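Novice: coordinates only, no sequence provided:
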């Protein structure tokens, strides 16, 4: 018999999970306080990198490989372009041979094409970059970027078109009695009862479950900048330049194009703790100065580029950078899905597909996603994702 499942959070994780549960034949109610891809969410902003190299963390390579197929399948279904396959170039001024070797082995295993480039060869292919000091470079050919905010809206529109139900409301978890969670309490004074509850509320998860997730997740402030490219200069368009990640000691990444909004540049280092509801989203002058200095050093053609736009986003950082996907330890009918940690959006279609099975009890999440790893307190902070 179909069950009624409430999914709290209409971002990348919640939206895709709700859609896959709906396609599995269940009645699904999706709830969000502000709407899909809203400006406070971790799933908002214009774009996200879709890369497959994950070092020894092959579970993420597998998820991303599946996600790319699902992005393309659903693009055809919706007749909407979301995934841009312009490649991802990752490079570094430091050697991490074990990580690189594991990443390339995983790409081969999943038949994801790539090129290992010598710095001199990379300089010929991509003269937009100053390659001084770079030791290693890899171009993932199957990778690229996805339109983030638009993708959240597309999933939402698809969910509604397939007869899903949506409510805009702030949620409080129901009372837990005898190992089960009762009806949700909504801010309009009503309640919502379901057979299962999936909490995919991103940076709001620690506030919903402080005793369970308070030490496991930390929302962090992340400044993102869009720089204007020279008039008529197509060198930094997505058709001529890939998304990129600098895996050096200070880890910057960027995306060209962004629907003509400019050249996106951001520091991937987790920032200070941030309140996702009340935090002021005004870019830090220090972060802007650091981004400008990086841009001038690594992309000299953009040394004088004006700032076109800026955003303050957030990661919901788990202590070790891994996702969290687990049943609530005190409620068998409540499932928690989060911990994107700045790298989860890319595989959200595949994660939602798997999460639907986990929620229904058809399979179990990987051990590294378990809440068991926090029994003795968080560990492994700063693991390279």
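Specialist: Good, I have the coordinates. Keep in mind it's a predicted model, so treat the numbers as computed, not measured.

Novice: could you give the number of residues near residue 161?
Specialist: When neighbours are counted by other CB atoms under 10 Å, residue 161 registers 10. Every residue, glycine included, has its C-beta placed from N, CA and C.

Novice: for residue 47, see how far away it is.
Specialist: Residue 161 sits 24 Å away from residue 47, going by CB to CB, to the nearest Å.

Novice: any idea how far residue 250 is from residue 207?
Specialist: Counting by CB to CB, the separation of residue 207 from residue 250 is 31 Å.

Novice: which of those two has more neighbours?
Specialist: Using other CB under 10 Å, the more surrounded residue of residue 207 and residue 250 is residue 207, with 16 against 11.

Novice: and that one, backbone torsions?
Specialist: phi -70, psi -30 (degrees, to the nearest 10).

Novice: residue 254 contacts residue 267, doesn't it?
Specialist: No - between residue 254 and residue 267 there is no contact under CB atoms under 8 Å: 10.4 Å.

Novice: who's more crowded, the two?
Specialist: Between residue 254 and residue 267, counted using other CB under 10 Å, residue 254 has the larger neighbour count: 30 against 19.

Novice: what's the domain layout of the protein?
Specialist: Domain assignment for the chain, taken from automatic domain parsing, gives 4-43+149-216+320-374, 48-147+218-315.

Novice: turn the ones you listed into CSV, including mean pLDDT.
Specialist: Output for the domains of the chain, formatted as CSV (pLDDT from 0 to 100):
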stretch, mean pLDDT
domain 4-43+149-216+320-374, 97
domain 48-147+218-315, 97
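
Novice: most tightly surrounded among these?
Specialist: domain 4-43+149-216+320-374 (a mean of 20; mean count of other CB atoms under 10 Å).

Novice: mind checking the end-to-end distance for that one?
Specialist: Domain 4-43+149-216+320-374 has an end-to-end distance of 30 Å (criterion: CA to CA, to the nearest Å).

Novice: the chain should start at 20 in everything you say after this.
Specialist: Noted, 20 is the first residue going forward, which turns the last one into domain 23-62+168-235+339-393.

Novice: who's in contact with the most centrally placed residue in the chain?
Specialist: Central residue of the chain (CA atoms, centre = their mean): residue 364, 2.4 Å from the mean position. Residue 364 is in contact with 31, 62, 67, 165, 167, counting by CB atoms under 8 Å, 6 or more residues apart in numbering.

Novice: state the pair within those residues that is farthest apart.
Specialist: Taking CB to CB, the two most distant members of those are 62 and 165; they sit 10.8 Å apart.

Novice: helices along the stretch 270-404 of the chain, start to end?
Specialist: Along the stretch 270-404 of the chain, the segments classed as helices by DSSP state H, counting those that start in this stretch run 304-317, 367-378.

Novice: closest one to residue 171 among those?
Specialist: So among those, helix 367-378 is nearest, using CB to CB, at 9.0 Å.

Novice: check the offset of the closest one from the chain's centre.
Specialist: 14 Å (CA atoms, centre = their mean, to the nearest Å).

Novice: re earlier: distance-wise, check the residue nearest to the centre of the chain relative to residue 23.
Specialist: Distance, residue 364 to residue 23, using CB to CB: 28 Å.

Novice: can you tell me the SS state at the nearest residue to residue 372 once chain neighbours are set aside?
Specialist: With CB to CB, 6 or more residues apart in numbering as the criterion, residue 372 has its nearest non-adjacent residue at 5.0 Å, and that residue is residue 39. What DSSP: H, G, I helix; E, B strand; the rest coil gives for residue 39 is helix.

Novice: now do the contacts for residue 363.
Specialist: When contacts are counted by CB under 8 Å, 6+ apart, residue 363 touches 31, 32, 342, 370.

Novice: need those in TSV (columns: distance to residue 244).
Specialist: Below are the contacts of residue 363 laid out as TSV (distance: CB to CB, whole Å):
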residue	distance to residue 244
31	22
32	26
342	27
370	28
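
Novice: residue most distant from the centroid, this protein?
Specialist: Quick read of the chain (CA atoms, centre = their mean): farthest out is residue 197, 34.9 Å.

Novice: hmm, back to that, the residue nearest to residue 372 is in contact with residue 370, isn't it?
Specialist: No - judged on CB under 8 Å, residue 39 makes no contact with residue 370 at a distance of 9.6 Å.

Novice: which strand residues bridge residue 102?
Specialist: Counting by DSSP bridges, residue 102 is bridged to residue 165.

Novice: also the one 5 residues further on?
Specialist: Counting by DSSP bridges, residue 107 forms beta bridges with residue 159, residue 262.

Novice: thought it was touching residue 134?
Specialist: No - using CB under 8 Å, residue 107 is not in contact with residue 134; the gap is 11.5 Å.
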